[in-house]
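Q: here is the input, now give the coordinates:
(chains A and B, ligands or ions: 2)
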Amino acid sequence: MSITKEKIHEILLRATEIREHILEMTCRAKSGHPGGSMSMSDIISTLYFYWLKINPKDPSWEDRDYFVLAKGHAAPALYATLAMKGYFPLEQLKTLRQLGSDLQGHPDKHSLSGVEMSTGSLGQGLSVMVGMALALKHDQKTNRVYGLLGDGECQEGQVWEAAMAAAHFHLDNLCIFIDKNGLQIDGATKDVMNIDPLTDKFTSFGWAVFTIDGHNIHEIVSTLEQADRVMDKPVAIIADTVKGKGITFMEHQVCYHGAPITDEQLVKAKAELHVTKGTYL
Amino acid sequence: MTSVAPRDYYGKALVELGKVDPNVFVLDADLSSSTKTGLFAKAFPNRFFNAGIAEQNCIGMAAGLANMGKTVFASSFAMFISGRAWEQIRNTVAYTKLNVKVVATHAGVTVGEDGGTHQAIEDLAIMRPIPSLNVLVPADAIEAAQMVHVMAAEYGPFYLRMSRGASPLVFEGTDYQFKLGKSEVIRQGGDVTIVACGIMVDIALRAAQTLQKQKINVRVINLSSIKPIDEAVLIAAARETGAIVTAEEHSVIGGMGSAVAEVIVKNAPVPMEMLGVEGVFGESGKPDELLEKHHLTVEGLIAKVNLVLARK
Ligand SMILES: Cc1ncc(C[n+]2csc(CCOP(=O)(O)OP(=O)(O)O)c2C)c(N)n1
Ligand SMILES: [Mg+2]
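A: Ligands and ions are numbered 1, 2, ... in the order given. Have a look, this model is predicted:
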């Protein structure tokens, strides 16, 4: 693995900034989904600040990699990342979920530069990724499709229809993360509707499967490198994560799935993030 | 007037029903905290099943339970239960005439900040044409609770939709009782009729009060039984007032207004105007801002009344 320690620190630093934006945006909007946005922050930071072939100055660059956020409710994580990459001004993050804002409650590709697909209805994103990967293959292009699904989202039947299709069409240009934070709205995923053993499921559907710690940048990067070398099969990276990751009082809590923290809590949360940041500098 | 979210009384009514009827089962799809079926889940954990984020399977399992003689309520957001599971509702529930009550919450633009992907403004249009399926929209929480008991007593498939937020209790302190297929004139008037459903009923009553000051006597009908529809009350309104305005938190295409028009054009054609969402998707914003934007307000309704009166 060629990534330097400095680069890893930068990715972690960016992830911390993403988390700060998520908390501020949802707090200001007085609605939105911080928990599942924070569990995926390290993954999206690695993708956008290290891995993806993209060009924010030319968002529709033909040879770019594509990223589809299947669990569209985690839009704050995507918006923060896109703004930090320069797709639109950071200032705009303040308008999240307001009437007339380009930052809709769930990502709308027609209102915001850098959003590759409109999502929000769970379970449909993977099918779209399959279609995009099919198109790239057909056009003999080497850019790749990356995506991220929720673990609760995997309860949707369509996910498995898409999983079957991706393997059937040998889509080795498709690589997805499952944000396995173990929680959904009504409780723990294992209590509401158990999806395990997820690794065995994807394997039996014909995918190459990796299981990683979704907050370990080293593991994320080395797995992306391995995924690149997989031939003939789509890749699923099952990332064990913590919902609300980064803020002690939010971690593993169902209540922050779809509710922001208060202004007072924000002060505490930011203090904690600043301590975290310090350790990377 | 007190304001209550209909889903709050829906959840409570389910619990009341569960106490007297051991045959009642409830299903949800990972939204039981929002739809308030969670209250039933807590009271009767053995008669509640969570499908997880799997609306199609939720309806399929509801059909299976109903096929074994159970009375089943299945809930989620209107967008996902009516949209994702439409064909399961059509073929497996309605075609088979099973005793499943699909109860949808968070319908319409008042979903608010979640935005267009979550705002069902088409559900009435896709549910109405399904044969054997009854379609209901309560005007307030009180009527929502009554409908729970009526649906339980009446064998067969139902679709009931309600909005997310708290809305005024239109029937507070009255002896109103919902009856399937009956729609009540809740305000008498001879100049024009407003036919409303859901949150628009309260707005219609307020518009009628304002218009009264201009000596315009508005009749208001609460069309909570969208299907079966009360033809008699609509035909009488057309004949006696000569003009109709419909008001709904739904697309003007295929919704309650269309249902009224289907009756009126055939039986007693009079000028009609429809207030609703005009062929656009929803978007993020505060519920009140969105109602304003789509003119689903007292002022918006009065404007439609003036339009229809000019055509009378
Ligand atoms: C089809 C559909 N059904 C229901 C919902 C409502 N909903 C939004 S988020 C969510 C839970 C998602 O859980 P998970 O996929 O585990 O996401 P995460 O924990 O990462 O937030 C649900 C049920 C939806 N958006 N789409
Ligand atoms: Mg989850």
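
Q: span of stretch B:145-160 from start to end?
A: 11 Å (Cα to Cα, to the nearest Å).

Q: meant to ask about stretch B:61-74
A: Distance between the two ends of stretch B:61-74: 9 Å, counting by Cα to Cα.

Q: also stretch A:82-98?
A: OK, stretch A:82-98 end separation, Cα to Cα: 18 Å.

Q: wait, B:Val150 touches B:Phe178, no?
A: Yes - using Cβ atoms under 8 Å, B:Val150 is in contact with B:Phe178, at 5.9 Å. Glycine gets a C-beta too; all of them are placed from N, C-alpha and C.

Q: so for those two, which sits in the more crowded spot?
A: More neighbours surround B:Phe178 than the other of B:Val150 and B:Phe178, with 24 against 18 (other Cβ atoms under 10 Å in any protein chain shown).

Q: residues contacting the more buried one?
A: B:Pro138, B:Glu143, B:Gln146, B:Met147, B:Val150, B:Ser224, B:Ser225 (Cβ atoms under 8 Å, 6 or more residues apart in numbering or on different chains).

Q: C-terminal to the host helix or strand of the fifth one, what's the next element?
A: Counting by DSSP states H and E, the secondary-structure element that holds B:Val150 is helix B:141-153. Beyond helix B:141-153 in the direction of the C-terminus, DSSP H and E gives the next helix or strand as strand B:158-163.

Q: picking up where we left off before, buried sites along the helix holding B:Val150?
A: Of the residues in helix B:141-153, those buried under the neighbour-count criterion (16 or more other Cβ atoms under 10 Å in any protein chain shown) are B:Ala141, B:Ile142, B:Glu143, B:Ala144, B:Ala145, B:Gln146, B:Met147, B:Val148, B:His149, B:Val150, B:Met151, B:Ala152.

Q: tell me where the chain has helices.
A: No chain was given, so I picked chain A. Under the criterion DSSP state H, chain A contains helices at A:5-29, A:34-39, A:41-46, A:75-85, A:125-138, A:157-168, A:189-192, A:198-204, A:217-229, A:263-278.

Q: chain B was what I was after
A: Assigned by DSSP H, the helices in chain B fall at B:6-20, B:32-35, B:38-43, B:55-67, B:78, B:86-87, B:123-127, B:141-153, B:200-213, B:231-241, B:256-267, B:287-293, B:298-311.

Q: how much space between the closest residue to B:Val233 other than its chain neighbours and ligand 2?
A: Nearest residue to B:Val233 in three dimensions, chain neighbours excluded: B:Ser183, at 5.1 Å (Cβ to Cβ, 6 or more residues apart in numbering or on different chains). According to Cβ to the ion, to the nearest Å, B:Ser183 stands 43 Å off from ligand 2.

Q: residues in contact with B:Ser183?
A: With contact set as Cβ under 8 Å, 6+ apart, B:Ser183 has these partners: B:Ile221, B:Asn222, B:Leu223, B:Ser224, B:Ser225, B:Ile229, B:Asp230, B:Val233, B:Leu234.

Q: how many residues are close by the closest residue to the last one other than its chain neighbours?
A: The spatially closest residue to B:Leu234, leaving aside those adjacent along the chain, is B:Val263, at 4.9 Å (Cβ to Cβ, 6+ apart). For B:Val263, the tally of surrounding residues (other Cβ under 10 Å) stands at 19.

Q: I'd say B:Val263 and B:Ala232 touch.
A: No - the pair B:Val263 / B:Ala232 is not scored as a contact, 9.6 Å apart, by Cβ under 8 Å.

Q: wait, what's in contact with the residue of the stretch 1-150 of chain A found nearest ligand 2?
A: Nearest residue of the stretch 1-150 of chain A to ligand 2: A:Gly150, at 4.6 Å (Cβ to the ion). Residues near A:Gly150 by Cβ under 8 Å, 6+ apart: A:Gly36, A:Ala70, A:Lys71, A:Ala74, A:Leu122, A:Ile178, A:Asp179, A:Asn181, A:Gln184.

Q: stretch A:249-256 near chain B at all?
A: No - Stretch A:249-256 stays clear of chain B (Cβ under 8 Å from any Cβ of the partner chain), getting no nearer than 8.9 Å.

Q: distance between that stretch and the chain's centre?
A: Stretch A:249-256 sits 18 Å away from the centroid of its parent chain (Cα atoms, centre = their mean, to the nearest Å).

Q: ends of that stretch, what's the gap?
A: Terminal residues of stretch A:249-256 lie 10 Å apart, using Cα to Cα.

Q: same question, stretch B:237-257
A: Start-to-end span of stretch B:237-257 (Cα to Cα) is 14 Å.

Q: ok, stretch A:177-192 next?
A: Using Cα to Cα, the end-to-end distance of stretch A:177-192 comes to 21 Å.

Q: repeat for stretch B:265-273
A: 13 Å.

Q: stretch A:119-126 too?
A: Across its full length, stretch A:119-126 reaches 11 Å between end residues, using Cα to Cα.

Q: separation between B:Ala120 and B:Glu299?
A: Using Cβ to Cβ, to the nearest Å, we find B:Ala120 at a distance of 25 Å from B:Glu299.

Q: so between the two, which is more surrounded?
A: Just comparing B:Ala120 and B:Glu299: by other Cβ under 10 Å the higher neighbour count belongs to B:Ala120, 26 against 11.

Q: how close does the spatially closest residue to that one that is not a sequence neighbour get to ligand 1?
A: Spatial nearest neighbour of B:Ala120, excluding adjacent residues (Cβ to Cβ, 6+ apart): B:Ala78 at 3.8 Å. In this view, B:Ala78 and ligand 1 are 11 Å apart by Cβ to the nearest ligand atom, to the nearest Å.

Q: relative to chain A, how far out is B:Ala78?
A: B:Ala78 sits 12 Å away from chain A, taking Cβ to the nearest Cβ, to the nearest Å as the criterion.

Q: then B:Ala243?
A: Distance, B:Ala243 to chain A, using Cβ to the nearest Cβ: 33 Å.

Q: same thing with B:Ala166?
A: The gap separating B:Ala166 from chain A is 16 Å, by Cβ to the nearest Cβ.

Q: neighbours around the closest residue in space to that residue that isn't next to it in sequence, how many?
A: Sequence neighbours aside, B:Ser3 is the residue nearest to B:Ala166 in space, at 4.1 Å (criterion: Cβ to Cβ, 6+ apart). Neighbourhood size, B:Ser3 [other Cβ under 10 Å]: 13.

Q: which residues touch B:Ser3?
A: Contacts of B:Ser3 by Cβ under 8 Å, 6+ apart are B:Ala166, B:Ser167, B:Pro168, B:Leu169.

Q: can we see that at 10 Å?
A: By Cβ atoms under 10 Å, 6 or more residues apart in numbering or on different chains, the contact set of B:Ser3 is B:Asp140, B:Ala141, B:Gly165, B:Ala166, B:Ser167, B:Pro168, B:Leu169, B:Glu172, B:Asp202.

Q: what's the closest residue to B:Pro228 other than its chain neighbours in contact with, if anything?
A: Among residues not flanking B:Pro228 along the chain, B:Gly181 sits closest, at 4.1 Å (Cβ to Cβ, 6+ apart). By Cβ under 10 Å, 6+ apart, the contact list for B:Gly181 reads B:Asn134, B:Glu154, B:Ser225, B:Lys227, B:Pro228, B:Ile229, B:Asp230, B:Glu231.
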